[in-house]
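Engineer: My questions are about this predicted structure, shown below with the sequence.
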Amino acid sequence: MSALADRPEDPVVGTRAPHESAVLHVTGAAMYTDDIAAHTPGTLTAWPVQSTNAHAKVRVDVSAAYEVPGVVRVLTAEDVPGVNDAGIKHDEPLFPDEARYYGHALVWVLGETQEAARLGAEAVTVEYEPLPSLITVQDAIAADSYQGIARTVKRGDAASALASAARVFEGVTEFGGQEHFYLETHASFAVRDSEGGYFVQCSTQHPSETQEIVAHVLGITSSEVTVQCLRMGGGFGGKEMQPHGLAAIAALGAKLTGRPVRLRLNRTQDITMTGKRHPFHISWKVGFDADGMLQGLDAVLTCDGGWSLDLSEPVLGRALCHIDNAYWIPNVHAHGRIAKTNKASNTAYRGFGGPQGVFLIEDILGRVAPALGIDPIELRQRNFYAPGQTTPYGQLVKDAGRMGAIWSELREEADVDARRAEVAAFNAESPHVKRAIAMTPIKFGISFNFAAFNQAGALVHVYKDGSVLINHGGTEMGQGLHTKMMQVAATALGLHLHQVRLAPTRTDKVPNTSATAASSGADLNGGAVRNACEQIRDRMATVAARLLGVDERDVRFSGGTVTGLGNRDKELTFAEVANAAYLQRVQLFAAGYYRTEGLHWNPDIMQGSPFKYFSYGCAATEVEVDGFTGAYRVRRVDIIHDVGDSLSPMIDIGQIEGAYVQGIGWLTLEELRWDATDGPNRGRLQTQSASTYKLPSFSEMPEVFNVRLFTNAREDGAVYGSKAVGEPPFMLAFSAREAIREAVAAFGPDGHSVELASPATPEAVFWSVQAAQQAAKASEPELAVAL
């Protein structure tokens, strides 16, 4: 057993703890980046001049902006002392001379007030020399417009397997992106100090990379820039890469004016300027044997990267690593490529390509089950990985038996079989409304595909009065990471939770941090926090041993007190030991470090073991579909999900619930539409607000929502035996999509295969119902002849 997974007696981890900022959130007292800027006198506001052309050479005249009262400065490419680039691939000019998408920021106006900056931006004139534009993935494929490195995952001989398979199916799967729609839009606030350094407060998931981009734009070293993330009002991946250029704009403005500069995008700017979840176009061919066992898969995955690479390469890589989901496919050939289009650069989003890969195999199984004459639940279960099998990229599927156990437990607890019989009886008596229950699994790999990111640091201070302050490299976006880190620290030091305080994430406290992403925040930073705390505890144990008259190995820290196994009559407080340690000149602070062991990955051949472990889960969803309108409702959801030995059960269950509902949004509601005509607004995003972009609300919440954590799930080699929770449950929402598919199929004849658009909006479902009903009518003469 790994010591990292061991828990002491009466640990604080594993207890139900409220979010550390919950009271601040619900009372409106929680401060965010722009709140700090609003309380700082003399702050200037930045406002963008956005392109109104999807692709064009531009000539910008800013002279008229200076005639607007309150305008202080217009930032242009000529003002950049360092590198005019906002990304890490050197393909994202901060101030472009060529507009690459409708909404692209060309220059920025600084004003005494937001209104002055806005009016100044309106006064700027832009001349466009239009160039050909590509708006859809199909446009890019037709034009052979790609970027980045194409990758291929392969195992066995897919072509031969398909040639010899008893049943072969082929098709095209397409699905759209998803807007992050975090409550707090992108925000940065930069101040230049008296010594020439820059302090940038930013709503960012990756402060260290924000620091690096600000430094290279300003032409200075990273040590001259400090980035702090107090908290974010949501991120979901949208603030992993895309805050960097915005922070650089604020810092550049502070440099040139000597005044604080705030930059906060309004909702329309945020939704039109920033990237989304990657849409995919996938052509595929799949083979099964006579028993419904997968034999081979050949697929070409094309993701829409937008105008620049951003994180499209690793997103595509993770998609390719999840095309199997929980299923053994002995022969695989999957080729992935990144389309270059004239849209905002698509970026990270919860699941980071995983949902797109899982979509493929779940869509295939949902489509072909009727044609195979196999119940979808049975088809999925019989194709689960067995112990000892490996993924198409060569990694052993650890704990493969856990998937079947979760599936069986859920099927029994949710009474799926009996309820499906009830659904069948209901459908037989209901010609216009149909119900269905579907189950889908998830197997999701945890770790960054880029090995170097799998490390973290922490800084822990114990003060003479026994109070504790921790700082770590992870960022808080509402997911509860800080709460978990406080529980880890309290457990490691033997304290009550209220004795631990957490400081905001800052690059001058913990350097070279990885993004809070890939569901790895608790694994990485928890390991680092525990390491730092144990260094301090071991030093304090030496002091306490002398005070208690016992061997230091027999010292125990628990509940804020320190005792010795050989001296139960004497008890010290943690504060007493801390003060004694100070007087004895014992170090009471420590820098902790953690790196994930056992990872190896060759991206060139897409083979290796890129993941520390797999998270497993299963959902059963019941839906009801109205045949007249295509409208549907989610009647009941049951979930069992594997988070190892939970660090914070209440936080984890909340994450599972939220991820599922967000997944429902992507798969059934949230439709992004661009103007693809040849008119003057070509490339303009048409769904620019909550009035045109449908988000999940209380009305979409399941009427019955049961979530349980899988028990006896300790993960050796992970901090206190826990597992990640942020991304994997998102993909449990496929059960809702598959339930809708089965409900639609109930309007058709037996064996009818339903092709369901994504998102499966009521409109899309209506047309699928129409197709099913037409198929039923077409089969009636055949039935009459048979009779």
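Structural biologist: Received, thanks. Residues are numbered from 1 along each chain as shown.
Engineer: Can you list the strands that the one helix or strand E571 maps to pairs with?
Structural biologist: Per DSSP states H and E: E571 is located in strand 567-573. Each strand that pairs with strand 567-573, with its direction, by DSSP bridges: strand 561-564 (antiparallel).
Engineer: Buried residues, the strand it pairs with. List them.
Structural biologist: The neighbour-count check on strand 561-564 (16 or more other Cβ atoms under 10 Å) flags V562, T563, G564 as buried. The way it works is simple: take the backbone N, C-alpha and C, and place the C-beta from them, glycine included.
Engineer: ok but I437 is inside a strand, no?
Structural biologist: Yes - looking at I437 with DSSP: H, G, I helix; E, B strand; the rest coil, it is inside a strand.
Engineer: residue contacts, it?
Structural biologist: Contact analysis of I437 by Cβ atoms under 8 Å, 6 or more residues apart in numbering lists V416, R419, R420, V423, A620, T621, E622, A739, E742.
Engineer: Skip ahead from the strand or helix carrying I664 and say which helix or strand is next.
Structural biologist: Assigned by DSSP H and E, I664 falls within helix 649-664. From helix 649-664 onward toward the C-terminus, using DSSP H and E, the following helix or strand is strand 704-709.
Engineer: Can you give the strand pairings for that next one, parallel or anti for each?
Structural biologist: Within its sheet, strand 704-709 is paired with strand 632-641 (parallel), according to DSSP bridges.
Engineer: So what angle separates the directions of the strand it pairs with and helix 649-664?
Structural biologist: For the pair strand 632-641 and helix 649-664, the angle between their directions (axes from the mean of the first three to the mean of the last three Cα atoms, to 10 degrees) equals 140 degrees.
Engineer: Packing partners of the helix or strand containing Y582?
Structural biologist: Per DSSP H and E: Y582 is located in helix 574-583. When contacts are defined as 3 or more Cβ pairs under 8 Å, 6 or more residues apart in numbering; DSSP states H and E, helix 574-583 sits against helix 521-548, strand 561-564.
Engineer: right, so of those, which gets closest to P207?
Structural biologist: Counting by Cβ to Cβ, P207 lies closest to helix 521-548 out of those; the figure is 12.7 Å.
Engineer: angle of that closest one against helix 574-583?
Structural biologist: For helix 521-548 against helix 574-583, the angle by the same axes, to 10 degrees is 80 degrees.
Engineer: which residues sit against the helix or strand R741 falls within?
Structural biologist: Counting by DSSP H and E, the element that carries R741 is helix 734-745. Surrounding helix 734-745, the residues in contact under the criterion Cβ under 8 Å, 6+ apart are 358-359, 362, 366, 370, 376, 434-440, 442, 619-625, 632, 634, 637, 663-664, 667-668, 752-754, 756, 758, 760, 765, 768-769, 772.
Engineer: Pull out the buried positions in the strand holding E571.
Structural biologist: Applying a neighbour-count criterion of 16+ other Cβ under 10 Å, one finds L572 buried in strand 567-573.
Engineer: what residues does it touch?
Structural biologist: Applying Cβ under 8 Å, 6+ apart, the contact partners of strand 567-573 are G466, A544, L547, L548, G549, V550, G560, T561, V562, T563, G564.
Engineer: and it, how far from the chain's centre?
Structural biologist: For strand 567-573, the distance from its own C-alpha centre to the chain's C-alpha centre is 47 Å (Cα atoms, centre = their mean, to the nearest Å).
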